[in-house]
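>>> have a look at this fold, sequence not included:
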């Protein structure tokens, strides 16, 4: 007869405390709290209400109150985003000698610079909505694109995260993009560079890597990967162009992988589904995988033979 060992609460506490000492990178003892993800998601929601006024608000947005409502949302965003950016900056080793006042000042400057990008973000997102509507015959209206399409949500959050990424904000852009990833199944790294009139159709399983560059008027379908050819060198590849460059007016159909930092897809190119591409393609090309041979067997004949 075997007896199962039962640990007392005290012994379990001791074991866990020993584990904290052994694996220090996975605990934050005696350190300030990390970024609050829930607050960040609330900030993104308020930014979306500014970028698409009247779409995601609980109440009707009246023109006579628009100035007040936008100002109120900006105040919420500015206050909370500044606090979270300050926490992110405070956790950087290179900032350990900065005073708390300096960290707050830097966070405030970054937040203000980000808020000043919102009109430009609206310009870009307007083109993305147009691209989605013009490129999808199943779309009932542009309202449907904004309200319902996961690709539109992913692109919106990407464009927000990308501006913060460009401003040198650590961690927060990735938190925002990974939240969108968890909601939509679309993984766009905030470091990617994406031009106007971008459309992701369906979207599930799309992956766009950090150093990807995408031109304007590009359309991609579900399952497309714009990725690295190899990441075996790990951190040695940090800052290296690992992901492809996609030109203007390119369409990439479902489940295609385009890999490698030296891979360039030329303008006006169409790539069919299920392709695996690791070398550059000239302008104006149509690329497709040879159709596999199908074999047909009568189910009736099969049953008779049995």
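Here it is on my side, so go on. Remember, predicted model here, so these are calculated numbers, not experimental data.
>>> going by C-alpha atoms from here, please, whenever you check contacts or count neighbours.
Fine.
>>> and the strands in this protein?
Shown for the chain, the strands assigned by DSSP state E span residues 187-188, 193-194, 199-201, 207-208, 213-214, 219-221, 225-227, 245-246, 251-252, 257-259, 264-265, 270-271, 276-277, 286-287.
>>> what does the longest helix seen in the chain contact?
For the chain, the longest helix by residue count, based on DSSP state H, is helix 66-90. Applying CA atoms under 8 Å, 6 or more residues apart in numbering, the contact partners of helix 66-90 are 33-36, 39-40, 43, 46-47, 50, 95-96, 103-104, 106-108, 110-112, 115, 169-172.
>>> quick one: find the helix or strand in the chain with the lowest mean pLDDT.
When each helix and strand of the chain is scored by mean pLDDT, DSSP states H and E, helix 299-305 comes last, with a mean of 59.
>>> what about residue 37, neighbour count?
14 (other CA atoms under 10 Å).
>>> once you drop chain neighbours, what's closest to it?
With sequence-adjacent residues excluded and distances taken as CA to CA, 6 or more residues apart in numbering, residue 37 is closest to residue 175, at 7.2 Å.
>>> and the one you found, how far from residue 86?
To residue 86, residue 175 is 15 Å away according to CA to CA, to the nearest Å.
>>> for residue 227, same thing?
32 Å.
>>> residue 287 now?
48 Å.
>>> where do the helices sit along the stretch 151-300 of the chain?
172-184, 299-305 (DSSP state H, counting those that start in this stretch).
>>> would you reformat those helices as TSV and include mean neighbour count and distance to residue 252?
Converted to TSV, the helices of the stretch 151-300 of the chain look like this (neighbours: other CA atoms under 10 Å; distance: least, CA to CA, whole Å):
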stretch	mean neighbour count	distance to residue 252
helix 172-184	20	19
helix 299-305	8	36
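>>> switch those helices over to a markdown table; also include distance to residue 90.
Shown next, in a markdown table, are the helices of the stretch 151-300 of the chain (distance: least, CA to CA, whole Å):
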| stretch | distance to residue 90 |
| --- | --- |
| helix 172-184 | 13 |
| helix 299-305 | 68 |
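>>> nearest to residue 277, of these?
helix 172-184 (24.1 Å; CA to CA).
>>> which residues does the closest one contact?
Residues contacting helix 172-184 (CA under 8 Å, 6+ apart): 35, 37, 40-41, 44, 85, 88, 150-151, 153-154, 157-158, 160-162, 164-165, 186-190, 203-204.
>>> need the buried ones from the residues you listed selected in ChimeraX.
Selection command for ChimeraX covering only the buried members of the contacts of helix 172-184, criterion 16 or more other CA atoms under 10 Å:
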select :35,40,44,85,88,150,151,153,154,157,158,160,161,162,164,165,186,187,188,189,190,203,204
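>>> can you tell me how far the nearest residue to residue 27 once chain neighbours are set aside sits from residue 26?
Nearest residue to residue 27, sequence neighbours excluded (CA to CA, 6+ apart): residue 20, at 6.5 Å. Remark: distance between residue 20 and residue 26 (CA to CA) = 8 Å.
>>> and residue 47, by the same measure?
32 Å.
>>> again with residue 203
For residue 203 relative to residue 26 (CA to CA), the value is 33 Å.
>>> kindly report the same for residue 38.
Residue 38 is 21 Å from residue 26, by CA to CA.
>>> ok, residue 172 next?
Residue 172 is 19 Å from residue 26, by CA to CA.
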